[in-house]
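Asks: sequence unknown, structure follows:
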């Protein structure tokens, strides 16, 4: 097992380095914005002194590299800075910045929790459904069921998210008022109420990721069906269902786990459009709003979180495929 | 909760019915191998299919028999089914035509084609015609506010419910003809997505082949840079860069759409680079490349005359998928308000502007059709392209079972 843990450590180190470089890219990109926040919050008529005071408070007068180091060292400690928009400027000009409310961590934490909740609900529905349907499609391959499933999944993968979202709103919220079309979630809501309001965005995401995972499950199983040991199992007279579930599925798990991890990464990062349609208070919506307000600390933090989650899940997929396939453990 | 119980009972009923169907068939025809060897799941599948077809017919009847002036809950189900049948017939006819005219090769191609692929090709042709000849087909200009015509004319052209036969798809809040905007949307959205994909392929393809041929430090630096860019989710990165571009564009006097094309092309070229490098790597080790190198051929010759012709098939399939991806990214950006800018008509922006009308579907279904038409136009094209790519991949991989 020594070589395996070494490879995993290597991958982890590589992931950390990637995250570090990504943080440089994000910081540089955000700092390409012309003008700055102090000017835009005070408007054109602001006196030079007031602008300077805010710049000084927010640390915008520091050179680029110093600001980056400051931000990075804070981020490592979990302090992502002060949200410009949430800070109360009238009281804070000339006083100690960051002492009041509105740190980025405080802004992001509940949103992040909501997004994780949405992703969790979606995964709970989508993963079992996708594996089940994938096994069925492999079992009844080249039948009408398989073809219908193929057409349906291809269509739902390739439709834009907002199309699926609006069709679901139309059918399940407007024409048949079963679920609420807006997902306004706030603190102190009971779990069932929260679940009910999350269900429609979760269903939209389910449609997209299930299709992808199901196709991969089907393909992974069918790839194995030509193997001699499957032929042997068939010749023994085992039922087709048992051949697939007992013999083919365990060997097909590696690519399936891989595609599930990739789709979970998509769930955390690709929710921007869905959260916007349903006004779901998650991190994707916060990102779009902050981008419009030019709230630089929040934008940076959101990007970093997205990239971190993405790298982490890709890493997990990578490590799991190495663990499940001995051939990858000893690269030539 | 009672709805849930109904659904469960419904499925139990079907299960019982399927069992009864199989036993009755076996009793009536004991020597028929079809019934004798039929697994239970297949029997259930037959009953399920039968119920689904009957349900569809029933829904369609419901959507037809009501008074057109009264809001009909089944309006959309009816229209969707009409569209489905219409598209199926059109695809079938197209395949029949393709089988009987054209060269030998094309006729053979059409003979082996599944219906989904012929539907895809038909749609791509129709969209291309709409995009190229938008100025000729569209009755009005894309940002023309038609004088003397009310805004918000209801789609459908029925004057009794606020339609106007001159504007079959109605008008938007400003009084612009929606049909014209949809047709121009083909030109803008599809055209821009096509140009972006071409640019991404040019960038990613040439750099990928170059990395494969040169190897060494160039390959290392490019590949690590691509790794970093791919570690940021593409839509997030595009949104971030678009916001920055939105501030810079007016200062530099360059249209924002141009920025968008470049940004998305660069982000997407990373994916193309990966594929081109992998494909190129397999080709570079071939003997004929060695021979060309020994002949003293230049880098341009190696890439364009030796590698590119041998990498066409995987790159072509990738082109279709990339186009879908770029197209969806552009539509999403427009939907979020940072993509293609007005007054250019574009489908993503149209969906965003008209989305609120969906809430009126319960009172006036025709009103809610407008945003769905724009979103449906996007979905239809990407589905069509995906069908064709799926068929191409299936053909080239030789996967049969």
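Replies: In hand now; what should we look at? Predicted, not measured: the structure shown is a model, and the values here were computed from it. Residues are numbered from 1 along each chain as shown, chains lettered A, B, ... in the order given.

Asks: Identify the residues contacting the residue minimising distance to the centre of chain A.
Replies: When C-alpha atoms, centre = their mean is applied to chain A, the residue found nearest the centroid is residue A:268 (1.4 Å). By C-beta atoms under 8 Å, 6 or more residues apart in numbering or on different chains, the contact set of residue A:268 is A:115-116, A:119, A:306, A:309-310, A:313. In short, each C-beta sits where N, CA and C put it, glycine included.

Asks: For the lengthiest helix in chain A, buried residues please.
Replies: When chain A is parsed with DSSP state H, its longest helix is helix A:104-139. Neighbour counts using 16 or more other C-beta atoms under 10 Å in any protein chain shown place A:104-105, A:107-108, A:110-112, A:114-115, A:117-119, A:121-123, A:125-127, A:130-131, A:133-139 of helix A:104-139 among the buried residues.

Asks: any idea how far that helix is from the chain center?
Replies: From the chain centre to the centre of helix A:104-139 is a distance of 9 Å (C-alpha atoms, centre = their mean, to the nearest Å).

Asks: Next to chain B in this structure, residues from the stretch 101-250 of chain A, please.
Replies: A:140-145, A:150-151, A:154-155, A:157-163, A:166-167, A:169-171, A:174-176, A:178, A:181, A:222, A:225 (C-beta under 8 Å from any C-beta of the partner chain).

Asks: Show me what the longest helix of chain A packs onto, helices and strands only.
Replies: Contacts defined by 3 or more C-beta pairs under 8 Å, 6 or more residues apart in numbering or on different chains; DSSP states H and E place helix A:104-139 against helix A:144-158, helix A:191-224, helix A:249-269, helix A:283-293, helix A:296-324.

Asks: avg pLDDT for it?
Replies: Averaged over helix A:104-139, pLDDT sits at 87.

Asks: ditto for stretch B:232-240
Replies: pLDDT averaged over stretch B:232-240 gives 85.

Asks: what's the neighbour count on residue B:349?
Replies: Residues within reach of residue B:349, counting by other C-beta atoms under 10 Å in any protein chain shown, total 25.

Asks: And for residue B:286?
Replies: 13.

Asks: State the phi and psi torsions of it.
Replies: phi -70, psi 160 (degrees, to the nearest 10).

Asks: Contacts only, for it.
Replies: When contacts are counted by C-beta under 8 Å, 6+ apart, residue B:286 touches no other residue.

Asks: Okay, it and residue B:276: tell me how far apart.
Replies: Noted for residue B:286: a distance of 16 Å to residue B:276, by C-beta to C-beta, to the nearest Å.

Asks: pLDDT weak spots in the stretch 301-401 of chain B?
Replies: Low-confidence segments of the stretch 301-401 of chain B (pLDDT under 70): B:397-401.

Asks: packing partners for the longest helix along chain B?
Replies: Looking across chain B with DSSP H, the single longest helix is helix B:365-397. When contacts are defined as 3+ C-beta pairs under 8 Å, 6+ apart, helix B:365-397 packs onto helix A:144-158, helix A:161-168, helix B:75-100, helix B:115-132, helix B:178-185, helix B:312-336, helix B:347-354.

Asks: for those helices, which one sits closest to residue A:211?
Replies: When the helices and strands packed on helix B:365-397 are compared by C-beta to C-beta, helix A:144-158 sits nearest residue A:211, at 3.6 Å.

Asks: Next, the angle from the closest one to helix A:161-168.
Replies: 120 degrees (axes from the mean of the first three to the mean of the last three C-alpha atoms, to 10 degrees).

Asks: Buried residues, helix A:144-158. List them.
Replies: A:145-147, A:149-151, A:153-158.

Asks: Show me what it is in contact with.
Replies: Applying C-beta under 8 Å, 6+ apart, the set of residues contacting helix A:144-158 is A:133, A:136-137, A:140, A:164, A:207-208, A:210-212, A:214-215, A:218, B:45, B:49, B:116, B:324, B:328, B:379, B:382-383, B:385-387, B:390.

Asks: Any stretches of the stretch 51-200 of chain B with poor pLDDT?
Replies: For the stretch 51-200 of chain B, applying pLDDT under 70 flags the ranges B:66-71, B:146-152, B:156-163, B:165.

Asks: Repeat the analysis, applying 80 as the threshold.
Replies: B:64-74, B:102, B:135, B:137-176 (pLDDT under 80).

Asks: Can you tell me which residues in it are near chain A?
Replies: Residues of the stretch 51-200 of chain B found near chain A (C-beta under 8 Å from any C-beta) are B:73, B:76, B:116.

Asks: Check the contact between the last one and residue B:387; I expect there is one.
Replies: Yes - taking C-beta atoms under 8 Å as the definition, residue B:116 is a contact partner of residue B:387 at 4.3 Å.

Asks: More neighbours: these two, which one.
Replies: Counted by other C-beta under 10 Å, residue B:116 and residue B:387 do not tie: residue B:387 has more neighbours, with 27 against 22.

Asks: contacting residues for the more buried one?
Replies: A:154, B:116-117, B:119-120.

Asks: any idea how far it lies from residue B:381?
Replies: 11 Å.

Asks: Residue B:14 too?
Replies: In terms of C-beta to C-beta, residue B:14 sits 36 Å off from residue B:381.

Asks: Out of these two, name the residue with the larger neighbour count.
Replies: Taking other C-beta under 10 Å, residue B:14 and residue B:381 do not tie; residue B:381 has more neighbours (27 against 15).

Asks: and the closest residue to that one other than its chain neighbours, how far is that from residue B:272?
Replies: Once flanking residues are discounted, residue B:381 sits nearest to residue B:127: 5.5 Å by C-beta to C-beta, 6 or more residues apart in numbering or on different chains. Distance, residue B:127 to residue B:272, by C-beta to C-beta: 23 Å.

Asks: likewise residue B:337?
Replies: The value you get for residue B:337 to residue B:272, if C-beta to C-beta is used, is 28 Å.

Asks: No further questions, thank you.
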